[in-house]
Each structure stands twice: as structure tokens, then as C-alpha cells.
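J.: Please work out how this folds:
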Amino acid sequence: MKSEILVKTALVGALVFSAGGTSVLAHDEIGGGEEKGDNLAGVELTVPLLEGSKNTGNLKEVAAVPLKEIRDGVKNSTGDVYAHKGFAYLGTHRANGGGGGVRVFDMKDPSNPVEVSVFAAIQGTWQEKVIVKTVNTKHFKGDLAAVSVQKMDQKDPNSQGGFVLYDVTNPREPKKLGFWESSSSGARGTHELYLTVQGDNVYVLTADCYADYYSHGKKMDVSIVDVSNPTNPNTIYEFNPRAYIPEVSDENYDGYNWTDEEGIQRAAFAHSVKTDGTGKTAFLSYWDLGTIMLDISDAKNPVYLGRTDFASDVQGAAHSMDLAKGGTVLVETREVFGPTREGFESAYGYTMIYDIKDKTNPELLSTFRTEFTETIPNGATVHDPKVHGNTLYLSHYSGGVRTVDITDPSSPQQTGMYIPSKANIWGVFVDRNYILASDIGSGLKVLQKTGGPNMNRMGGV
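T.: Numbering: from 1, shown residues only. Okay, here's the model as predicted:
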């Protein structure tokens, strides 16, 4: 049963404002926000929170496994989660000095995940995002992992940011293959990335937050890197929004600060990247520029298709995305921790669902917000989405994991949730008959659907 208790939770990112008037967001370093997982000891608040339960709504916790300490006395925090061929891959964040690498869990028994290896544990950096795919090129055949690498100290000349590639064909014995450096001086490196297979070619798409801004336009936030030979990554393209989007030019955009067509000051930088299943359409989560869509059938010469947009009173913050309905529906999550900003609606980040049959003209179908907007500040904003069939899975920090029925994308309905004690859920991933969740403070959580009643049903807004 659910019961309410009073607990203390931390608000990630105090509600302050940058000189440009942009509200602080959890990821937005330039705007004044902290990196997620840096410090959870912000403003102490006493708020009602659901007691951690082994069975909340229609999701049941079947395992909770902390990360091993790979350095004596150092506890690494957890980044995103991915699964491939019966193994779970957990990235790690920058808490306690970073260097936690990627942790690999054998998921043969989902109720008893076993950590079997660690790789990419590069000191002076952190590795929050990992994607694994099976590839077959003339240079490499097997399972390839791409891992984001960000500098702890942006000014350290001996530290490199970018991404690293590993052979994980045997997940118990990963082997390093190659490294790609994001060479923009001042930026941390690759924040998020995506590994995609397009026929005989294999590419990594990078989101190197602020590369454009710090390099004064000499380097771009998004690169397409040919990794068909993973020992020799080769950059083949960089995306410059000024060259494609009519609303963006040197006059109103400096790589971060953007003045939109209505004269509103906004922030625009690449946070996340992903492709569809064919690898031929790329989706760039570009904060206040929305989700930018590119045809990358010819990866050296992408074609701009269109982007999502926001009403003038909506804070942008396009953070992540996923596809539904065979790629005709786009689910966009927006990370907004600062709900109050003059001239805008009062709202934490929520989910927006678009019809993208015509990618040149995305049509907003619906929005989805949780019922905890005012009672769980640290969980009030949505984070990452994953779609499996007609179910949308959302990670929600202190708000845990939410399941949403999107059979009708114009009317999303919450069907379940999972909120463990001291929840701080970063990512979620659906694998076979279970759901993986990465908890920043406590490691890997494994959930299964119970098939029980929908105890927490809420419609879209």
C-alpha cells in the first residue's frame, strides 16, 4: 500500500537567473545551473513524498543493486542505462571525482543482476552515456559500445573530452578500440551521444554542449563521426544551425544565447542526439530551438527537415526524445527546474507529443504532466523518455518512473509509477520483460509490470 511520509529532499539548481534573464535549468551550466548529480544538497525542503514501496501502481521492484566501489572509499553516482543482449550498461556521473566508467551487469536473472566488468573509467572525466550496437563492417564485427567522456576540469590541458569506443562482444572483457576528441576549448566534451548503424556504415552522433559557444563558432555542438573503423574515428560533418534554420543567424545567436523571432531571450545548445531505427533521420534536442530533424541518408550532406516549436509563453528546454507509432509520433521531454519566469507560464518541464508524419511541419498533439508538480520539486520536471509499443516510460528524478499509455497520442494516460525511497531516477530502459532504471544515488533498479489495477491514472493536459 502507498503511504505518505514527510521527508527532506533537495532541489537541484536554485531558482536564480542569468544576466540574460534565462531561468536556471539543471543541465544549463552557462545559465548558472549545476550538472545533474553534482550536488544534491541544495535548498532543504520538507515535502510530502510517497514512501518507497516494492510495488507502486503497476510496477514492481524486483532488484536494487548498488555500484561496486572501484576505488577504495569512493562511491560513484549513476548516469544513464542501456541494455544489449542480456547485459545492462550503466554510465556514471561526476560525483566524488568521477572516473567511475561504465558498469556492466549480467541480467540472466533479473532479480539478481551481477556486476561483471567496468570499462572507460578515465580519471579526470565522467562517462554518463553509453550506447551499444551490433555492427558488421570490413574493419570490425561484433558489439560496439560508444561512451561519452566529459572533463571534470574544463581548463585542464591534460584532460580530454569526447567519446571512447569499446569492443564489448564479450561484455566481461571489454577492449578499448579508439577515442574521438571534442576539441572545442572550454567545453567539457561529449555530453550525450548516439551510435547508429546505416547499412555498412556506423556513425556516432555527438551532443557537445557549448562547443559552438566556447569556440566562437569554430566548432559545432553536433558532429557526425564515422566509426566504421572504430580504431580511427573520423568526423565527416558538423551541424551549424545558422546555415539551416531561417530564425537563426550570427546576428541573433552566439552558440548559446538566442533571440527568437518574437524578441524573446532564450538558450539554444545541443543537449541530446538520436536517430530513428533506420539511422537515416537524426533528431537533435536543441533546448529552446526544439527538436531539430535532419535527413542523414547521406551522412556527409544532411538535409534539414524541420523542428518543433513552442508557444511564446512556454520555456523551451528540449532535453531528450523518442519515437512512437512507427516513427510518425515524436515524444519530446523538456527539462525545466525553474517554473517561474516573467512572461512565461508557471510550469516545470513536461512532455510534449507531436505528429511528425510531415517533418517539415510538426503538429502538437498533446502534453503530459505528472500530478506531483507542486509537491516534489526535485521530481517536478520530466527527464528522459523511452517508448515500447504503446507505453511511454518517463524518468522523473524524485518522481521516479512513470508509465503512460499513448495508444491515443492525443490523449496520454498515466497507468503506473514507481518511486523508491530517496528516489533520484536518471534514466529508464525497456529490455525484454523488465524495465531498467538508473538511480543517481543508489545504482541499478529492475522493475516488472504487475498487471494490477491502474492505481495512479491521470490524463494528459
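J.: Note down every partner strand of the helix or strand where residue 80 lies and its orientation.
T.: Taking DSSP states H and E as the criterion, residue 80 maps to strand 78-84. Applying DSSP bridges, strand 78-84 is found paired with strand 87-92 (antiparallel).
J.: and the next element down the chain from the partner strand?
T.: strand 102-106.
J.: Restricting to C-alpha, output the next helix or strand after that following strand in CSV.
T.: Downstream of strand 102-106, the next assigned helix or strand under DSSP H and E is strand 114-119. Coordinates of each C-alpha in strand 114-119 appear next as CSV, following Å, rounded to 0.1, in the frame of the first residue of the first chain:
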residue,chain,number,x,y,z
VAL,A,114,25.6,-9.2,-11.2
GLU,A,115,28.2,-6.5,-11.9
VAL,A,116,30.7,-8.3,-14.1
SER,A,117,33.0,-5.6,-15.5
VAL,A,118,33.9,-1.9,-15.7
PHE,A,119,35.4,0.0,-18.6
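J.: From the rest of the structure, what touches strand 114-119?
T.: 65, 67-68, 70, 87, 100-106, 145, 147, 166, 168, 171-174, 176 (C-beta atoms under 8 Å, 6 or more residues apart in numbering). In this view, the C-beta of every residue, glycine as well, is placed from N, C-alpha and C.
J.: Just the buried ones from the residues you listed, in PyMOL syntax?
T.: Selecting only the buried entries of those in PyMOL, with 16 or more other C-beta atoms under 10 Å as the criterion:
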select buried, resi 65+67+87+100+101+102+103+104+105+106+145+147+166+168+171+174
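J.: returning to what we had before: what mean pLDDT does the strand holding residue 80 get?
T.: For strand 78-84, mean pLDDT is 97.
J.: try stretch 333-348
T.: Averaging pLDDT along stretch 333-348 gives 86.
J.: List the buried residues of that stretch.
T.: 333-339, 341, 344, 347-348.
J.: In the stretch 201-350 of the chain, what residue spans correspond to strands?
T.: All strands of the stretch 201-350 of the chain, identified by DSSP state E, counting those that start in this stretch, fall at 201-207, 222-226, 234-239, 257-259, 265-267, 272-275, 281-285, 291-295, 303-307, 318-324, 329-334.
J.: Minimum distance to residue 370: which of these has it?
T.: strand 329-334 (11.7 Å; C-beta to C-beta).
J.: follow-up on the earlier one: a markdown table please, covering the strands of the stretch 201-350 of the chain and showing distance to residue 160.
T.: Formatted as a markdown table, the strands of the stretch 201-350 of the chain follow (distance: least, C-beta to C-beta, whole Å):
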| stretch | distance to residue 160 |
| --- | --- |
| strand 201-207 | 14 |
| strand 222-226 | 15 |
| strand 234-239 | 15 |
| strand 257-259 | 27 |
| strand 265-267 | 26 |
| strand 272-275 | 20 |
| strand 281-285 | 24 |
| strand 291-295 | 27 |
| strand 303-307 | 31 |
| strand 318-324 | 25 |
| strand 329-334 | 30 |
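J.: Out of the ones you listed, which is closest to residue 110?
T.: Nearest to residue 110 among the strands of the stretch 201-350 of the chain is strand 318-324; the distance by C-beta to C-beta comes to 22.4 Å.
J.: picking that back up, need the CA coordinates for the strand holding residue 80. PDB is fine.
T.: Extracted as PDB, the C-alpha positions of strand 78-84 are listed here (Å, rounded to 0.1, in the frame of the first residue of the first chain):
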ATOM      1  CA  THR A  78      24.900   6.700 -11.700                       C
ATOM      2  CA  GLY A  79      24.200   8.100 -15.200                       C
ATOM      3  CA  ASP A  80      22.100   6.700 -17.900                       C
ATOM      4  CA  VAL A  81      21.200   3.000 -18.500                       C
ATOM      5  CA  TYR A  82      21.200   0.800 -21.600                       C
ATOM      6  CA  ALA A  83      20.700  -2.900 -22.300                       C
ATOM      7  CA  HIS A  84      22.000  -5.200 -25.000                       C
END
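J.: Contacts for it, please.
T.: 37, 67, 88-93, 107, 126-134, 143, 168, 384, 426-429, 431, 436-444.
J.: Can you check what angle separates that strand from strand 318-324?
T.: 20 degrees (axes from the mean of the first three to the mean of the last three C-alpha atoms, to 10 degrees).
J.: angle of strand 78-84 against strand 102-106?
T.: Between strand 78-84 and strand 102-106, the angle formed by their directions is 40 degrees, by the same axes, to 10 degrees.
J.: can you pull the contacts of residue 296?
T.: So residue 296 contacts 198, 203, 224, 275, 279-282, 302 (C-beta under 8 Å, 6+ apart).
J.: so how far is residue 154 from it?
T.: In this view, residue 296 and residue 154 are 29 Å apart by C-beta to C-beta, to the nearest Å.
J.: and what of residue 79?
T.: Distance of residue 79 to residue 154, computed by C-beta to C-beta: 18 Å.
J.: shaky segments in this structure?
T.: 1-27, 32-57, 371-379, 451-461 (pLDDT under 70).
J.: where along it do the helices fall?
T.: 211-214 (DSSP state H).
J.: Can you dump the C-alpha atoms of stretch 121-129 in PDB for me?
T.: Taking Å, rounded to 0.1, in the frame of the first residue of the first chain, the C-alpha atoms of stretch 121-129 are listed here in PDB:
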ATOM      1  CA  ALA A 121      37.000   4.500 -16.200                       C
ATOM      2  CA  ILE A 122      39.100   7.600 -17.300                       C
ATOM      3  CA  GLN A 123      40.300   9.600 -14.400                       C
ATOM      4  CA  GLY A 124      39.500  13.300 -14.500                       C
ATOM      5  CA  THR A 125      36.400  12.700 -16.600                       C
ATOM      6  CA  TRP A 126      33.000  11.200 -16.300                       C
ATOM      7  CA  GLN A 127      31.000   8.800 -18.500                       C
ATOM      8  CA  GLU A 128      27.300   9.300 -18.200                       C
ATOM      9  CA  LYS A 129      26.000   8.000 -21.600                       C
END
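J.: Just the residues contacting it, thanks.
T.: Contacts with stretch 121-129, where a contact means C-beta under 8 Å, 6+ apart, come from 70, 79-80, 91-94, 98-102, 120, 147-153, 156, 158-161, 164, 189-193.
J.: just to revisit the earlier point, columns neighbour count on top of the contacts of residue 296, output as JSON lines?
T.: Shown next, in JSON lines, are the contacts of residue 296 (neighbours: other C-beta atoms under 10 Å):
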{"residue": "198", "neighbour count": "16"}
{"residue": "203", "neighbour count": "24"}
{"residue": "224", "neighbour count": "22"}
{"residue": "275", "neighbour count": "20"}
{"residue": "279", "neighbour count": "21"}
{"residue": "280", "neighbour count": "16"}
{"residue": "281", "neighbour count": "21"}
{"residue": "282", "neighbour count": "24"}
{"residue": "302", "neighbour count": "18"}
